[in-house]
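Asks: Below are the sequence and a predicted model; questions follow.
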Amino acid sequence: MEKEVAKNSGIESNVNNSNDKQPKKKGKGKIVGQVFLSIFLLLISAIIVVVVIAAIGNSIIKDTIVEYAESFDKVNYEGKQLMPVETEDGYWTFETDDEFKVVQLTDIHIGGGLFSVTTDKYVLNAIAAMVTAEKPDLVIATGDIAYPVPFAAGTSNNGIGSNAFASLMESLGVYWTVTFGNHDTESYSKYTREQISDFYAQDEFKYCLFRKGPEKISGFGNSIIKINNKNGFTTRAIVTLDSHSYTPGDKLGIKWEYDNIKGDQMDWYKEEIAKLERANQTKYNSLSDEDKSTTEEISKIPSSLYFHIPVKEYKDAWLEYLDNGSKDIDNKVVLKYGRIGETGNLIYHGVGTDNVFDTMVETGGDSIFCGHDHYNNISIDYWKNDKQTKPIRLTYGVSLDYLAYPGIAKKGTQRGCTVIEYKGADMDITPENYYQTKYREVAKYKVEKVKIVESEVPRK
């Protein structure tokens with residue numbers, strides 16, 4: 001970049017010294033040319049200014065934002081915090097017969113640059129308040145944690161936003177993991193997806209449960225977190241997947257062509273669930289007849305999938321609901337709560353094909369949690385075809401974004417988190433708005449003023 005600036009800096013001097021003779025009357029062509037040249041020089045100057053500001057400010061901003069993230073107090077679990085263990089299959093495993101609470105955060109969009117200091121502090125304060133109040137067993141951030149877009153954040157360094165989020169979660173002392181979104185590792189970002197994966201997976205993070213996942217499977221962060229009962233049987237599989245970013249023909253995301261989850265990821269998911277079910281069966285078969293009489297046999301393990309970009313079935317379900325006059329259809333589509341607030345395509349799913357939904361039907365999965373579309377927050381039961389004996393719950397996480405969408409920082413209707421409570425095969429999902437009293441009361445720093453349309457706040 002410094003070499004490019006040096007080359008361009010000679011343009012101005014050449015123009016200024018272009019003519020030592022007496023000035024002549026300028027023609028239209030020359031005037032137009034000078035206008036375009038002036039505009040070009042202004043653009044170059046603006047780019048140089050942004051680059052210089054970013055270069056000087058990055059180290060300062062990193063220290064400022066990370067220091068702010070580290071200022072929050074640990075969540076007080078009153079001695080009741082569940083601690084995961086790594087079981088023989090290599091997966092992090094929580095053991096409980098009680099409810100297991102997950103807080104889903106999505107589209108956090110920490111800019112990490114000079115332009116986003118204020119909004120970065122807003123979002124970190126919001127996360128800390130909601131997590132402190134909810135006291136979850138696990139936090140899952142479903143993508144777009146960082147937003148390293150230079151014109152909005154003032155930097156392309158995606159490491160700063162990732163570092164700030166990790167520092168916050170470690171300061172809160174809450175177990176957490178992430179899935180990647182399209183903005184976390186832009187093609188022009190400083191760090192690649194693998195490098196950010198290595199960052200999250202480092203041992204110094206005491207509470208991070210992120211795993212890079214199998215090397216031969218597409219993407220990073222494909223992993224499983226298990227919930228076991230006190231008898232050691234797996235009752236729920238929480239599956240995190242990389243939904244990737246943009247298509248190869250749209251590497252910058254200009255055309256909004258998003259990628260899809262790959263077939264090898266779903267093959268892996270199917271195989272891993274089958275392994276867990278076989279392990280359950282082997283354990284049950286090893287029990288004495290007396291123990292079997294008092295032990296529930298868990299032959300099918302329900303699974304929840306967490307990733308960033310929604311699958312096409314979200315749109316299919318919503319359009320079927322609209323086509324029926326915005327009314328439920330028994331054994332087809334049932335809206336649990338929420339609205340679609342996005343315009344244009346409404347739901348910005350991957351543009352290709354995938355077999356996520358169909359594989360879940362085959363495997364016995366019961367729910368998907370995504371993000372990506374900041375004004376969408378529906379949770380809807382969907383039966384795709386007659387083969388399904390039960391619906392799959394398709395849920396948008398309540399988003400947090402203060403930075404990416406124009407004007408969104410001053411809007412509060414759509415901002416919050418999603419609380420998921422599991423107990424055995426049962427599941428309860430609740431959308432939570434950030435600007436509630438229960439969160440304001442525990443917020444460490446002042447909560448900003450926003451506009452809220454009460455009738456549009458998602459409620460169960």
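Replies: Yep, that arrived.

Asks: From here on, just use CA atoms for contacts and neighbour counts.
Replies: Will do.

Asks: all helices for the stretch 101-250 of the chain, in order.
Replies: 117-134, 150-153, 158-172, 193-200 (DSSP state H, counting those that start in this stretch).

Asks: Tell me where the stretch 101-250 of the chain has strands.
Replies: 138-142, 176-179, 223-228, 234-240 (DSSP state E, counting those that start in this stretch).

Asks: out of those strands, which comes closest to residue 92?
Replies: For residue 92, the closest of these is strand 223-228, at 5.2 Å, according to CA to CA.

Asks: so which of the strands of the stretch 101-250 of the chain gets nearest residue 395?
Replies: It's strand 138-142; of the strands of the stretch 101-250 of the chain, that one is closest to residue 395 (CA to CA) at 11.9 Å.

Asks: Against which helices or strands is that closest one packed?
Replies: Other elements packing on strand 138-142 under the criterion 3 or more CA pairs under 8 Å, 6 or more residues apart in numbering; DSSP states H and E are strand 100-105, strand 176-179.

Asks: What are the buried residues along that strand?
Replies: For strand 138-142, burial by neighbour count (16 or more other CA atoms under 10 Å) applies to 138, 139, 140, 141, 142.

Asks: Please tabulate the residues you listed in JSON lines, including the columns distance to residue 325 and pLDDT.
Replies: Output for the buried residues of strand 138-142, formatted as JSON lines (distance: CA to CA, whole Å; pLDDT from 0 to 100):
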{"residue": "138", "distance to residue 325": "38", "pLDDT": "99"}
{"residue": "139", "distance to residue 325": "36", "pLDDT": "99"}
{"residue": "140", "distance to residue 325": "34", "pLDDT": "99"}
{"residue": "141", "distance to residue 325": "34", "pLDDT": "99"}
{"residue": "142", "distance to residue 325": "31", "pLDDT": "99"}
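
Asks: would a markdown table of the residues you listed with distance to residue 413 be doable?
Replies: Output for the buried residues of strand 138-142, formatted as a markdown table (distance: CA to CA, whole Å):
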| residue | distance to residue 413 |
| --- | --- |
| 138 | 25 |
| 139 | 22 |
| 140 | 22 |
| 141 | 20 |
| 142 | 20 |
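
Asks: Identify, from those residues, the entry nearest to residue 248.
Replies: Nearest member of these to residue 248, counting by CA to CA, is residue 142, at 22.2 Å.

Asks: doesn't residue 178 make contact with the closest one?
Replies: Yes. The pair residue 142 / residue 178 is scored as a contact, 5.9 Å apart, by CA atoms under 8 Å.

Asks: From residue 459, how far out is residue 180?
Replies: Distance, residue 180 to residue 459, by CA to CA, to the nearest Å: 27 Å.

Asks: ok, those two, which is more surrounded?
Replies: Neighbours per residue (other CA atoms under 10 Å) separate residue 180 from residue 459, with residue 180 holding more: 29 against 14.

Asks: Next up, the contacts around the closest residue to that one other than its chain neighbours.
Replies: Distances taken as CA to CA, 6 or more residues apart in numbering place residue 143 nearest to residue 180, at 4.4 Å, with adjacent residues excluded. For residue 143, the contact set (CA atoms under 8 Å, 6 or more residues apart in numbering) comprises 106-108, 178-184, 307-308, 371-372.

Asks: Also residue 450?
Replies: Taking CA under 8 Å, 6+ apart, one finds 409, 410, 411, 412 in contact with residue 450.

Asks: Look up the closest residue to residue 375, ignoring the ones flanking it.
Replies: Leaving aside its chain neighbours, residue 375 sits nearest to residue 341 (4.6 Å; criterion: CA to CA, 6+ apart).

Asks: my read: that neighbour touches residue 398, true?
Replies: No. Shown here, residue 341 and residue 398 do not form a contact pair, counting by CA under 8 Å, at 11.8 Å.

Asks: got any residues that touch both of these two?
Replies: Common contacts of residue 341 and residue 398, defined by CA under 8 Å, 6+ apart, comprise 376, 377.

Asks: Neighbour count: these two, which is higher?
Replies: residue 398 (33 against 15).

Asks: Which helix or strand contains the closest residue to that one other than its chain neighbours?
Replies: Excluding its sequence neighbours, the residue lying closest to residue 398 (CA to CA, 6+ apart) is residue 417, at 4.9 Å. In this structure, residue 417 is located in strand 416-423 according to DSSP states H and E.

Asks: Can you tell me which helices and strands that strand packs against?
Replies: Strand 416-423 sits against strand 100-105, helix 117-134, strand 426-433, with contacts defined as 3+ CA pairs under 8 Å, 6+ apart.

Asks: just these: most buried one?
Replies: A comparison of the helices and strands packed on strand 416-423 by mean neighbour count, using mean count of other CA atoms under 10 Å, puts strand 100-105 on top with a mean of 24.

Asks: between it and helix 117-134, how many degrees?
Replies: 170 degrees (axes from the mean of the first three to the mean of the last three CA atoms, to 10 degrees).

Asks: Show me what strand 100-105 is packed up against.
Replies: Going by 3+ CA pairs under 8 Å, 6+ apart, strand 100-105 lies up against helix 117-134, strand 138-142, strand 416-423.

Asks: So for residue 402, which of the ones you listed sits nearest?
Replies: Closest of those to residue 402 is helix 117-134, at 5.8 Å (criterion: CA to CA).

Asks: Ok, which of the helices and strands packed on strand 138-142 comes nearest residue 287?
Replies: Across the helices and strands packed on strand 138-142, closest to residue 287 is strand 100-105 (CA to CA), at 26.1 Å.
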